[in-house]
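S.K.: just need the structure, nothing else, for what follows:
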Amino acid sequence: IAEGDAESTRILVRIATKPLHPLELYLQAGIANLVIDDFDQYRGDYSFAYGGGVSLILYEYPGPKKFQIMTRADTLHFTSEDSAVLICVSPCSSDSDFSIVKEKIQWREYTLEGVGIWRSQYWEPYLGVRFSLLDSTDNLNGPLLGRRSISLEENSNLGLVVGTNLYFDPRENFAFNAEATLIDQFSLKIGIKLWY
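M.R.: Here you go, the predicted model:
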């Protein structure tokens with residue numbers, strides 16, 4: 001069993017709708033890459049990424065300093081490829097024990113979050129817990145290695161999420177969003193929200 005740290009940079013656009021007040025549905029699409037240096041120097045190029053999600057307000061205290069409890073579920077999928085990966089195919093004692101292979105990773109991640117949101121004028125911080133699941137496959141193909149598939153799994157499923165929305169428009173049609181996740185993964189998300 002090999003362990004490694006995966007890094008991914010994503011540029012995504014999210015389109016959301018609220019068919020009912022407590023419910024929000026959204027689709028997201030963009031590009032993502034994948035880098036895993038630890039065991040085979042994998043460096044996948046940017047490729048199309050897509051997914052979606054839902055958020056549901058479970059409790060809302062009204063007023064100028066309102067408080068909400070909500071749950072969010074999210075998924076993201078993309079395929080990443082690297083065609084110049086050097087992999088050891090036996091006890092590595094010489095250069096002939098290494099093979100250049102084509103590698104394709106089908107990346108599928110899922111998250112479920114429970115979040116508490118506070119509101120004070122134009123500032124809206126939030127804090128919550130998250131459960132994450134990685135269901136991904138690493139497909140290898142090379143002249144010495146043949147075809148192999150390896151399942152990729154996460155080390156930890158439970159984590160924390162902390163973030164804030166900062167509104168710049170009195171009508172609340174424009175906001176800046178910053179969010180960090182900890183423990184199950186370490187990530188930073190920065191975005192702009194626009195409402196029409």
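S.K.: which residues are in contact with residue 48?
M.R.: The contact partners of residue 48, taken as C-beta atoms under 8 Å, 6 or more residues apart in numbering, are 29-31, 78-79. Where you see a C-beta, it was placed from the backbone N, CA and C, and this is true even at glycine.
S.K.: likewise for residue 78?
M.R.: Applying C-beta under 8 Å, 6+ apart, we find residue 78 in contact with 32, 34, 47-50, 107.
S.K.: what of residue 159?
M.R.: Here residue 159 is in contact with 129-132, 181-185 (C-beta under 8 Å, 6+ apart).
S.K.: among the residues you listed, which ones are in strands?
M.R.: Among these, the members found in strands (DSSP state E) are 129-132, 181-182.
S.K.: restricted to buried residues, select the contacts of residue 159 in PyMOL.
M.R.: This is how PyMOL selects the buried members of these, with burial counted by 16 or more other C-beta atoms under 10 Å:
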select buried, resi 130+132+181+184+185
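S.K.: let me have the contacts of residue 159 in a markdown table, extended by pLDDT and distance to residue 194.
M.R.: Below are the contacts of residue 159 laid out as a markdown table (pLDDT from 0 to 100; distance: C-beta to C-beta, whole Å):
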| residue | pLDDT | distance to residue 194 |
| --- | --- | --- |
| 129 | 98 | 28 |
| 130 | 97 | 25 |
| 131 | 97 | 29 |
| 132 | 95 | 27 |
| 181 | 96 | 23 |
| 182 | 94 | 28 |
| 183 | 91 | 31 |
| 184 | 89 | 29 |
| 185 | 89 | 27 |
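S.K.: so can I have TSV of the contacts of residue 159 showing distance to residue 151?
M.R.: Below are the contacts of residue 159 laid out as TSV (distance: C-beta to C-beta, whole Å):
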residue	distance to residue 151
129	26
130	22
131	19
132	16
181	23
182	25
183	22
184	18
185	18
